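Q: Generate coordinates for the sequence data below:
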Amino acid sequence: MSNCQDLKVNIDLIVKCIEELKLQRSELSLLIEKQLKEKNCLEAEIERITYKLGLLSKNLCQRIATKEEYDKTIKDAEEMYNHLTASSSALLQNVTKNSTQLQEAMDKKVGSDSIINVFEEVMKTSDMVIQSPTKLATDAHLSEIPNVSGHPRNVPEITTQNQLVVESTENTSDLDDDFDFALALRKENEALNEAKESDADT
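A: Below is the predicted model of the structure:
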């Protein structure tokens with residue numbers, strides 16, 4: 001009788017242990033399922049992060065390359081700007097120098113034109129006065145011969161015309177070239193007067 005009771009007690013304990021084990025297994029299964037879900041979520045997150053990391057790395061490489069292009073472009077632009085600044089400064093100096101030289105040349109040309117105008121005026125006056133020595137000698141000789149009416153022939157007075165030439169030249173005495181020209185012209189007229197007087201004496 002006691003053996004039957006002990007067997008029944010043992011069976012109850014065994015059944016109870018089995019139920020506890022099944023309960024623990026169910027809890028463990030729930031925990032495993034939960035962890036599997038978490039693992040899958042983490043793997044999906046890792047995959048998403050990996051993909052995002054790849055895109056970020058690619059964009060980062062492109063932006064680094066673009067930044068290097070910016071640096072190169074800025075450096076080239078600064079070098080070209082510095083070269084352009086130096087070239088513009090040299091060009092400005094060259095243009096200023098050439099402009100000054102051209103202005104000086106133009107002033108000299110204007111001065112030369114004034115001298116030429118004075119020279120032409122003096123030549124016009126001298127053309128009316130200066131004659132060849134033969135003509136002067138002839139006029140001097142003819143002045144001594146009365147014309148048909150008995151009056152001496154009218155010959156232009158060289159001295160008066162010479163004075164006009166000298167006076168016209170003296171108005172430009174501020175120019176050395178005009179002064180030299182007037183001096184040479186005066187000497188030539190004096191030589192012509194001497195030739196006239198010599199012919200008149202003979």
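Q: pLDDT weak spots in the protein?
A: In the predicted model of the chain, residues 1-2, 108-183, 200-202 satisfy pLDDT under 70.
Q: now the strands: where do they sit in it?
A: Under the criterion DSSP state E, the chain contains no strands.
Q: mind giving me the domain ranges of the protein?
A: As recorded under automatic domain parsing, the domains making up the chain are 36-110, 130-201.
Q: roughly how far apart are residue 45 and residue 3?
A: Distance, residue 45 to residue 3, by C-beta to C-beta, to the nearest Å: 62 Å. Backbone N, C-alpha and C define where each C-beta goes, glycine included.
Q: ok, those two, which is more surrounded?
A: residue 45 (10 against 7; other C-beta atoms under 10 Å).
Q: could you measure the more buried one against residue 39, distance?
A: Taking C-beta to C-beta, one finds residue 45 at 11 Å from residue 39.
Q: Can you spell out which helices and strands pack onto the longest helix along the chain?
A: Counting by DSSP state H, the longest helix found in the chain is helix 2-129. Here helix 2-129 touches helix 158-170, helix 176-201, going by 3 or more C-beta pairs under 8 Å, 6 or more residues apart in numbering; DSSP states H and E.
Q: try 6 Å
A: Counting contacts by 3 or more C-beta pairs under 6 Å, 6 or more residues apart in numbering; DSSP states H and E, helix 2-129 packs against helix 158-170.
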